[in-house]
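[1] Here you go, sequence then predicted model.
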Amino acid sequence: MFPGLRMAALSGGLVALLLADGCREPAPADLPGVAPVGLTWQPVALPGGDDRLMLRDVATCAGRWYLVGGAAATDGTERPLAWRSVDGRHWEPLVVRAASFYGRQSVLYAAACRDGRLAGLGSRVGGVHGNPRVAGWRQAADGSLVEVPAGAELYGGPNAAGVTRMTAGPAGWLTVGNRISGAAVWVATDPARFEIVESARELASDAAGRTWVFDATASPGGWLAVGGVGRSGRVERDSVAWASPDGRTWRRQEVPAAAGYDELQRVTTVADRPVAVGPRGPAFGAWRDDGAGWSAAGEFDSTQGGGVATVSDLVALDGRLYVAVSDGTAHRLWASDDRGDSWRPVLAPTPVLPAGAGRMVTLGAQDHRLLVVVDDGAGVAIWSAVSPA
């Protein structure tokens with residue numbers, strides 16, 4: 001459980017995680033000359049019972065907020081759960097209807113929202129080979145979240161490598177992941193009918209190297225995806241991006257490479273321009289496309305924590321970028337007011353944001369409000385802060 005927190009039982013079965021000394025912020029990181037970003041954090045309650053909650057992703061659109069994840073009972077069984085809110089502070093559970101054996105035991109781990117409607121991905125390890133059984137989910141007309149029946153090879157099968165993120169935009173819905181052939185996507189105008197696009201020219205692996213895709217966002221011209229490429233004859237990956245008008249045909253975009261290991265793990269847009277963040281050698285770095293191609297922006301924090309360095313989430317709110325990164329030991333929050341050129345540490349709502357297996361930090365942003373969702377593997381906590389004027 002989170003250090004410095006206590007459980008507070010509220011009426012109606014609500015449970016909140018509160019700072020033991022109120023909403024006191026921890027001391028800022030020791031960065032001489034860099035003023036940390038201070039926000040006024042408020043704990044957020046989430047309806048829940050006795051089972052341990054697991055929170056995995058936040059989706060926002062059209063004034064709606066969604067949280068997805070699951071719950072683990074004392075006997076180890078798991079089930080999918082989702083919640084919705086109109087303000088990011090007051091939440092109610094969605095009715096979740098599974099249609100398969102694995103669907104009833106899955107945890108929802110990715111979500112996207114379009115025109116107020118939620119769609120997502122859930123997974124459960126199972127079968128003879130112990131592979132993840134991934135399924136899509138969509139919000140029905142009655143507001144419930146229902147599993148979408150699909151063939152075994154849509155997300156799985158002998159060519160499967162992973163299904164990671166989902167996004168939405170004016171053109172519809174896009175899911176990204178990886179196959180044996182390299183980077184792949186799933187595209188839909190209706191989340192009930194995703195189609196896989198694999199072995200696509202310039203998106204998939206080729207003579208230039210092995211490709212991985214980690215995230216995507218809607219762009220004025222359709223879709224933008226980001227990831228990494230393992231060049232032939234090199235151990236380290238280099239950053240790469242792809243653009244598509246329709247999710248089916250893709251054009252590879254060169255991204256300035258750094259010495260050592262670098263890749264783009266999360267992407268969003270700020271001031272109508274894409275900004276991506278990922279490991280860049282010994283630090284985390286930002287890259288930006290101002291319309292004339294990608295260029296390297298600022299660096300921050302360290303990737304040298306002894307574990308796998310990852311970007312957990314990246315959002316834009318009122319012109320400011322917020323990112324959660326992990327060096328494998330702990331998560332930290334950072335912010336940029338100049339589209340990634342310079343970064344300042346954010347005073348987190350709790351002194352410790354643990355990292356490691358089953359420990360996650362997820363961000364949500366909409367209507368001048370930032371949401372930080374923390375799952376430390378034993379319990380969950382949610383905090384909300386209003387964006388500075």
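    Now that the structure is in, tell me what you want to look at. These figures come from a predicted structure and were not determined experimentally.
[2] Tell me what the residue nearest to the spatial centre of the chain is bridged to.
    A centroid search over the chain (CA atoms, centre = their mean) returns Asp313, at 4.8 Å, as the residue closest to the centre. When bridges are called by DSSP bridges, Asp313 pairs up with Ala324.
[3] again, but for Ala71
    With DSSP bridges as the rule, Ala71 is bridged to Leu53, Arg79.
[4] so it touches Arg79, yeah?
    Yes - counting by CB atoms under 8 Å, Ala71 touches Arg79, with 5.7 Å between them. Where C-beta positions appear, they are placed from N, C-alpha and C, glycine not excepted.
[5] quick one: low-confidence parts of the stretch 1-150 of the chain?
    For the stretch 1-150 of the chain, the stretches with pLDDT under 70 are 1-32, 127-130.
[6] Do a quick rundown of the strands in it.
    5-9, 14-19, 42-43, 46-47, 52-61, 64-72, 78-85, 92-93, 96-97, 107-114, 117-126, 131-139, 145-148 (DSSP state E, counting those that start in this stretch).
[7] As TSV, the ones you listed with distance to Ala292 and mean neighbour count would be great.
    Formatted as TSV, those follow (distance: least, CB to CB, whole Å; neighbours: other CB atoms under 10 Å):
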stretch	distance to Ala292	mean neighbour count
strand 5-9	47	13
strand 14-19	46	18
strand 42-43	42	16
strand 46-47	44	20
strand 52-61	30	21
strand 64-72	36	24
strand 78-85	40	21
strand 92-93	46	12
strand 96-97	46	18
strand 107-114	29	24
strand 117-126	34	23
strand 131-139	37	21
strand 145-148	40	22
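[8] Out of those strands, which gets nearest to Leu363?
    Proximity to Leu363 (CB to CB) singles out strand 52-61 among these, at 6.7 Å.
[9] For Ala98, list the residues it contacts.
    Arg79, Pro80, Arg104, Ser106, Glu147 (CB atoms under 8 Å, 6 or more residues apart in numbering).
[10] How much space separates it from Val148?
    Ala98 sits 11 Å away from Val148, going by CB to CB, to the nearest Å.
[11] Now do the same contact list for Glu153.
    Here Glu153 is in contact with Asn159, Ala160 (CB under 8 Å, 6+ apart).
[12] closest one to Asp246 among the strands of the stretch 1-150 of the chain?
    strand 107-114 (16.2 Å).
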